[in-house]
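Novice: Provide a 3D model corresponding to the input given below.
(2 chains)
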Amino acid sequence: MKLKQTAGRQHHAGPVTYVLLGLAALVSLFPLYWNLVAASHSGERVVEAPAPLLPGPRLFENLSFAWNQVDMGEALVNTTIVAGLVAASTVVFSTLAGFAFAKLPFRGRNVLLTLVVATMTIPPQLSVIPLYQIITDLGWVDQLQSVVLPSLVAAFGVFFMRQYLLEALPVELIEAARVDGAHSLRIIWHVVFPVARPAMAVLGMLVFVQAWNDFFWPFIALTPDGNPTLQVALAGLGSGNHTIDQAIVLTGALISTVPLLVVFALLGKHIVGGITSGAVKN
Amino acid sequence: MATSVRAAADGTPPPAPPPPPASRKPTPTPAHTGWRSRLYRWDLKATPYAFVAPFFLCFAAFGLFPLIYTGWLSLHRVELGGEAEWRGFDNYTGLWDSDFFWNALANTFTIGVISTVPQLLMALGLAHLLNYKLRGRGFFRVAVLAPYATSIAAATLVFAQLFNSDYGLINTVLGWVGFEPVSWESSRWPAQIAISVIVTWRWTGYNALIYLAAMQAVPQDLYEAASLDGASRWRQFISITIPSIRPTILFTIVVSTIGATQLFGEPMLFGGSLGVSGGSGNQFQTLSLLMYEKGWVTGALGQASAIAWVMLLLLLLIGGLRLVAGRVNRRKSGA
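Specialist: The predicted model follows:
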């Protein structure tokens, strides 16, 4: 840092900044804390005024009920499978396409890239009705593949990987590999993947979070009683299909949130970096 | 170079692109080289398409085809599992005449505005704060991002409890400060505000981090020059920071507008046991919710398709307005 420490972001934060940021952190974290509190009380206590603010004694009882009686455990496994498959395939396909858009010359490249970006604005509502008919005809209602297949690759991922590889991958590296006789798949494996690894990790986490939390289409394709993901199971709990025990509902919410929060606590810095590098830079 | 060592090691002779100048150095097996160079050229030509193909195949099957088919359905009367019956634009004129449609459209708009505007303004302020030299920077960033890790369903169920009129914590706190309890679910504006709070809670930190990244790319000398001219911090924020990150701000406006148009899970689950109607008097029914109700509760897929297409047309309209506004702006600033 050879710049003088006087301007812009170099300012040290004053007490007001800390107070405001503390407040923001409190507002962000309190609902999560309260979720834990509510999941540790009985159903009767949760719906009693004033609402509990400190943890109660029933957390493990509620957890085991949600796990065994309403099968949040099965939903957890389903969600892990879905999010894992979607993240893995999106990362691989996005890297291939992003590499082609960033570094390989071909006819129609710009038009196709514009198309990719344009598809991001199409609302999912436009495809759910035909998709539902397709999966009904195929007998895939309540089958996890009906949720995985439409999400195998995402426009955002393609764009994200292109932006990264545009800067991170020198053309000379590809040319050198070609001169040495490497065909495209070898180049992908020995040059592109190693260079792209950091971005692939970030994209994988972002897509995993998104797939984990996806609601609209899974809610239509899967039912709470069939083979639900966590979000579908939760929706079932919340709308009273199984129970109106609010403590159990909130225990379900806790089960769906905690795995991702643990991931965030461990990898927070990288995810923050990923989100900021995914933003448009002009 | 490492790569040449590797290539030599597995014995593949370099096919020497572009096709070797044959006259100068005749190769021992010209036929073999010709085959190789043809393969090589074919590899160069075809692989880019092979690499982008998965996206376009997936999009064609699960995006484009359904898009067009939904348009076709919207011109028909279709029941779940039944035969389609041509109706022309009946579904669209039916929407025009339907109070439910206008109500849902208005709700989508108002909830969109009261969730997007405060969300982006707060994100801007938060990003500014996070841009200071901070102790515990990592903690604050991860803390404000934590809501992003929470799903729509989980967040809505938790907030539905907090907003409960009888025992919810929010009314309790309002009571301490001397307010009457608010019926967050059954009154129109309170319900829409409550839903907007959920949306805002989930997305403010995410947007703040996007702004933060853009702010850190603003050249420092701009601030230094402004400081020398005696500009206050606030002045610098308004005259330097905001204009410098304008493209990012526009990006977040577009993304959150698209998100707001599609709002579904929050209003659906906030209604809880009231079912999918979006409140007892539809006071927070959004377009997506109305579409779901038409398609999956009533079974009128044609009408649901028409609603889906209206949503796309709305987005195109907003996009078009954005373009026009951008052009007018540019002309103004250019003049």
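
Novice: Now stretch A:264-272: buried residues?
Specialist: A:F264, A:L267, A:G268, A:I271, A:V272 (16 or more other CB atoms under 10 Å in any protein chain shown). Backbone N, C-alpha and C define where each C-beta goes, glycine included.

Novice: What's the separation between the residue most central in space within chain B and chain A?
Specialist: Nearest to the geometric centre of chain B sits B:V255, at 4.0 Å (CA atoms, centre = their mean). Here B:V255 is placed at a distance of 9 Å from chain A (CB to the nearest CB, to the nearest Å).

Novice: Tell me which helix or strand that residue sits in.
Specialist: Counting by DSSP states H and E, the element that carries B:V255 is helix B:246-261.

Novice: is the helix or strand just after that helix anywhere near chain A?
Specialist: Per DSSP H and E, the first helix or strand lying C-terminal to helix B:246-261 is helix B:265-270. Yes: contact of helix B:265-270 with chain A (CB under 8 Å from any CB of the partner chain) involves B:G265, B:M268, B:L269.

Novice: One more: stretch B:119-128?
Specialist: Yes: using CB under 8 Å from any CB, we find that stretch B:119-128 touches chain A at B:G125, B:L126.

Novice: Which residue ranges of the stretch 1-150 of chain A form strands?
Specialist: Counting by DSSP state E, counting those that start in this stretch, the stretch 1-150 of chain A forms no strands at all.

Novice: Closest to chain B out of the buried residues of stretch A:264-272?
Specialist: A:G268 (3.6 Å; CB to the nearest CB).

Novice: how near is B:N171 to chain A?
Specialist: 8 Å.

Novice: where does the helix or strand hosting that residue sit relative to the chain's centre, distance-wise?
Specialist: Under the criterion of DSSP H and E, B:N171 resides in helix B:169-176. Helix B:169-176 sits 33 Å away from the centroid of its parent chain (CA atoms, centre = their mean, to the nearest Å).

Novice: what comes up buried for that helix?
Specialist: Here helix B:169-176 shows B:L169, B:I170, B:N171, B:T172 as buried, counting by 16+ other CB under 10 Å.

Novice: and what of stretch A:169-181?
Specialist: Here stretch A:169-181 shows A:L169, A:L173, A:I174, A:A176, A:A177, A:R178, A:V179, A:D180, A:G181 as buried, counting by 16+ other CB under 10 Å.

Novice: now swap in stretch B:268-288 and tell me
Specialist: B:268-272, B:276-279, B:282-288.

Novice: Report the two of those residues separated the most.
Specialist: B:G272 and B:L287 (20.4 Å; CB to CB).

Novice: name the helices or strands packed onto the helix holding B:V255?
Specialist: Packed against helix B:246-261 by the contact rule (3 or more CB pairs under 8 Å, 6 or more residues apart in numbering or on different chains; DSSP states H and E) you find helix B:99-130, helix B:188-216, helix B:301-334.

Novice: is stretch B:39-51 anywhere near chain A?
Specialist: Yes: with CB under 8 Å from any CB as the criterion, chain A is reached by stretch B:39-51 at B:Y40, B:D43, B:L44, B:K45, B:T47, B:P48, B:Y49, B:F51.

Novice: out of the residues you listed, which are buried?
Specialist: Of the residues of stretch B:39-51 next to chain A, these count as buried by 16+ other CB under 10 Å: B:Y40, B:D43, B:L44, B:T47, B:P48, B:F51.

Novice: what are the ranges of the helices in the stretch 1-150 of chain A?
Specialist: A:15-39, A:43-46, A:59-68, A:72-103, A:109-119, A:125-137, A:145-148 (DSSP state H, counting those that start in this stretch).

Novice: give me the low-pLDDT residue ranges for the stretch 51-200 of chain B?
Specialist: B:81 (pLDDT under 70).

Novice: re the thing from before, what angle do helix A:15-39 and the helix holding B:N171 make with each other?
Specialist: Between the axes of helix B:169-176 and helix A:15-39, defined by axes from the mean of the first three to the mean of the last three CA atoms, to 10 degrees, the angle is 120 degrees.

Novice: Would you mind listing the residues in contact with the spatially closest residue to B:P181 that is not a sequence neighbour?
Specialist: Of all residues not flanking B:P181 in the chain, B:N171 sits nearest, at 4.4 Å (CB to CB, 6 or more residues apart in numbering or on different chains). Neighbouring residues of B:N171 by CB atoms under 8 Å, 6 or more residues apart in numbering or on different chains: B:F163, B:N164, B:S165, B:P181, B:V182, B:W184.

Novice: Give me the buried entries from the residues you listed.
Specialist: B:F163, B:N164, B:V182, B:W184.

Novice: Out of those residues, which comes closest to chain A?
Specialist: B:N164 (7.6 Å).

Novice: Surely that closest one forms part of a strand?
Specialist: No: counting by DSSP: H, G, I helix; E, B strand; the rest coil, B:N164 falls outside a strand, being coil.

Novice: Could you check the angle the helix holding B:V255 makes with helix B:188-216?
Specialist: 150 degrees.

Novice: Could I get the average pLDDT for helix B:246-261?
Specialist: The average pLDDT within helix B:246-261 is 89.

Novice: Please apply the same query to stretch B:220-231.
Specialist: The model assigns stretch B:220-231 a mean pLDDT of 88.

Novice: can I get the CA coordinates of that stretch in CSV?
Specialist: Listed next in CSV are the C-alpha coordinates belonging to stretch B:220-231 (Å, rounded to 0.1, in the frame of the first residue of the first chain):
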residue,chain,number,x,y,z
GLN,B,220,-8.4,5.9,-4.7
ASP,B,221,-7.1,9.1,-6.3
LEU,B,222,-10.7,10.2,-7.0
TYR,B,223,-11.3,10.3,-3.2
GLU,B,224,-7.9,11.9,-2.6
ALA,B,225,-8.7,14.7,-5.1
ALA,B,226,-12.1,15.2,-3.5
SER,B,227,-10.6,15.3,0.0
LEU,B,228,-8.2,18.0,-1.1
ASP,B,229,-11.1,19.9,-2.5
GLY,B,230,-12.7,19.7,0.9
ALA,B,231,-15.6,17.4,0.0
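
Novice: Please see if it touches chain A.
Specialist: Yes: applying CB under 8 Å from any CB, one finds stretch B:220-231 in contact with chain A at B:Q220, B:D221, B:L222, B:Y223, B:E224, B:A226, B:S227.
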